[in-house]
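Asks: Structure here, sequence nowhere to be found:
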């Protein structure tokens with residue numbers, strides 16, 4: 001199974017790293033990571049990851065937390081996660097500091113910037129990512145999940161419609177100036193229509209037309225109804241230097257919400273079990289909802305998009321500490337494995353120190369794999385149930401990352417309890433790439449037998465394992481034969497004209 005060269009559709013007749021070390025480095029799957037729902041823990045109150053984050057939060061939400069004003073939260077009562085470092089290509093170490101709140105995400109992409117600048121801290125473009133299904137990992141780098149998030153955007157949490165994915169048919173379609181008209185467009189599972197009763201609601205009247213340069217560099221425009229515009233430009237009491245001060249406006253709406261990405265529309269959702277009409281408008285960072293049946297002061301709200309996004313992005317990769325067993329699985333940090341290959345030059349694997357920079361919240365062991373067909377870094381988790389592969393970075397000759405691949409969910413390599421002759425299983429995952437569309441894979445594995453294997457390193461006991469990867473029903477099949485020795489790691493593999501055998505294992509020099 002390929003993490004970085006998944007664009008190939010057919011098995012080549014020449015040696016290919018994909019089905020040699022790539023296949024062995026990515027698949028060797030015995031079972032998938034358990035399907036866990038990632039939810040920010042509330043058992044303990046998380047500290048702010050940065051003074052700059054705290055300042056942004058205090059301005060609007062400290063007065064609410066202290067009971068000095070009565071209004072909706074702009075971020076939430078406190079951070080919903082600890083400090084996290086998410087992959088971002090342009091940040092130092094290719095990871096930036098982020099922290100999630102109920103209603104958004106704060107980020108510091110350039111820590112060397114001016115902390116007093118409004119945009120030193122940015123809010124994540126969470127709506128765009130949830131609607132498109134593309135996880136942003138750089139200014140122009142995205143991991144494509146294949147579809148938008150099937151998470152309801154309004155009403156009860158078990159609503160089936162509308163979800164973020166349903167907004168894909170609406171966003172980034174510039175609209176003409178309709179100032180003075182009423183927002184009556186309606187979206188339903190059957191398609192578009194009109195909610196004509198809204199024409200008599202003054203809060204549904206379109207009062208502002210906003211234009212800006214869209215994602216393709218063209219000028220786009222969208223209409224904003226009175227309910228939302230009044231909320232976006234409201235005055236109020238803000239927290240400044242330890243005390244309340246009047247602020248007009250209360251917040252910078254572009255900073256908090258981003259620009260609108262579609263005109264408002266009505267949808268009927270279940271709210272507290274009852275069918276309820278809600279006016280919805282997506283912005284780049286947040287969603288605004290207007291519910292006429294709510295009490296005054298609570299008719300306009302921002303959804304819990306921070307919670308929605310965290311659940312979606314980390315559903316398959318919940319926070320995972322590094323467990324014991326790295327030596328057993330051949331992943332001891334700061335160790336070098338040298339393999340001789342049938343291409344005449346060596347393949348060298350070097351494990352580094354554990355890192356959280358690939359998947360935020362999970363401590364993984366990076367392994368640089370340098371061979372005659374290229375260089376990549378793969379990322380591994382050690383857990384009580386075994387070792388899991390999370391993905392890889394493909395490097396060019398200068399050591400720059402040219403492609404990132406994430407396995408969604410991670411794929412389990414081995415667990416001691418699974419090593420039994422004749423055991424077979426089939427697993428599934430999705431390969432997300434910054435260079436190609438996502439794709440599903442099915443991996444079939446069979447443990448053949450335990451053998452004594454003669455290698456340049458010596459004669460070692462090892463389990464022989466056959467790994468077969470199948471993509472789409474009409475695609476070809478990749479197969480590799482691997483020998484795994486507990487306490488040593490991979491000692492030999494063969495696949496599609498590429499073969500390698502262990503020569504040496506040494507500790508890296510400190």
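Replies: Great, that's in hand. In this text the structure is predicted, and so the values were computed from the model without any measurement. Numbers count the residues shown, from 1 in each chain.

Asks: any idea what residue 199 is structurally, helix, strand or coil?
Replies: Following DSSP: H, G, I helix; E, B strand; the rest coil, residue 199 is assigned to helix.

Asks: tell me the centre residue of the chain?
Replies: residue 313 (3.9 Å; C-alpha atoms, centre = their mean).

Asks: Could you confirm that residue falls within a strand?
Replies: No. Assessed with three-state DSSP, residue 313 is helix; it does not lie in a strand.

Asks: Thought residue 133 was touching it, still the case?
Replies: No. Contact criterion C-beta atoms under 8 Å: residue 313 and residue 133 do not qualify, at 10.6 Å. C-beta: built from backbone N, CA, C; applies to glycine.

Asks: picking up where we left off before, roughly how far does the residue nearest to the centre of the chain sit from residue 99?
Replies: Separation of residue 313 from residue 99 (C-beta to C-beta, to the nearest Å): 14 Å.

Asks: Ok, residue 455 next?
Replies: Distance of residue 455 to residue 99, given as C-beta to C-beta: 48 Å.

Asks: more neighbours, the two?
Replies: Between residue 455 and residue 99, counted using other C-beta atoms under 10 Å, residue 99 has the larger neighbour count: 26 against 19.

Asks: check contacts around residue 406.
Replies: Listed by C-beta atoms under 8 Å, 6 or more residues apart in numbering, the contact partners of residue 406 are 135, 143, 359, 390-391, 431-432.

Asks: Of those, which belong to helices?
Replies: When the contacts of residue 406 are checked against helices (DSSP state H), there are no matches.

Asks: three-state assignment of residue 57?
Replies: Of the three states, residue 57 takes helix under three-state DSSP.

Asks: gap between the residue lying closest to it once chain neighbours are set aside and residue 204?
Replies: Beyond its immediate neighbours in the sequence, the residue positioned closest to residue 57 (C-beta to C-beta, 6 or more residues apart in numbering) is residue 75, lying 5.2 Å away. As judged by C-beta to C-beta, residue 75 and residue 204 stand 27 Å apart.

Asks: So for those two, which sits in the more crowded spot?
Replies: Under the criterion of other C-beta under 10 Å, the comparison of residue 75 against residue 204 puts residue 75 first, with 27 against 23.

Asks: three-state assignment of the more buried one?
Replies: Put simply, residue 75 is coil when judged by three-state DSSP.

Asks: Please list all residues in contact with it.
Replies: By C-beta under 8 Å, 6+ apart, residue 75 lies in contact with 56-57, 60-61, 101-104, 106, 306.

Asks: and what of residue 178?
Replies: Residue 178 sits next to 206, 209, 223, 263 when contact means C-beta under 8 Å, 6+ apart.

Asks: Which of those residues are buried, as a ChimeraX select command?
Replies: Paste this into ChimeraX to select the buried members of these, with burial taken from 16 or more other C-beta atoms under 10 Å:
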select :206,223,263
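
Asks: Quick one: the contacts of residue 178 as a markdown table, columns for pLDDT, distance to residue 480 and secondary structure too.
Replies: Listed next are the contacts of residue 178 as a markdown table, based on pLDDT from 0 to 100; distance: C-beta to C-beta, whole Å; DSSP: H, G, I helix; E, B strand; the rest coil:
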| residue | pLDDT | distance to residue 480 | secondary structure |
| --- | --- | --- | --- |
| 206 | 99 | 60 | strand |
| 209 | 99 | 59 | strand |
| 223 | 99 | 56 | strand |
| 263 | 99 | 52 | coil |
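
Asks: Greatest separation within the contacts of residue 178: which pair is it?
Replies: Using C-beta to C-beta, the pair of the contacts of residue 178 lying farthest apart is 209 and 263, separated by 10.1 Å.

Asks: which neighbours do those two share?
Replies: 178, 222-223.

Asks: Quick one, grab the pLDDT at residue 429.
Replies: Here, the pLDDT recorded for residue 429 equals 92.

Asks: neighbouring contacts of stretch 52-60?
Replies: Here stretch 52-60 makes contact (C-beta under 8 Å, 6+ apart) with 48, 74-75, 79, 99, 101, 106, 108, 115, 120-121, 238-240, 247, 250-251.

Asks: Just the buried ones from those residues?
Replies: Using 16+ other C-beta under 10 Å as the burial test, the contacts of stretch 52-60 include 48, 74-75, 79, 99, 101, 106, 108, 120-121, 238-239, 247, 250-251 as buried.
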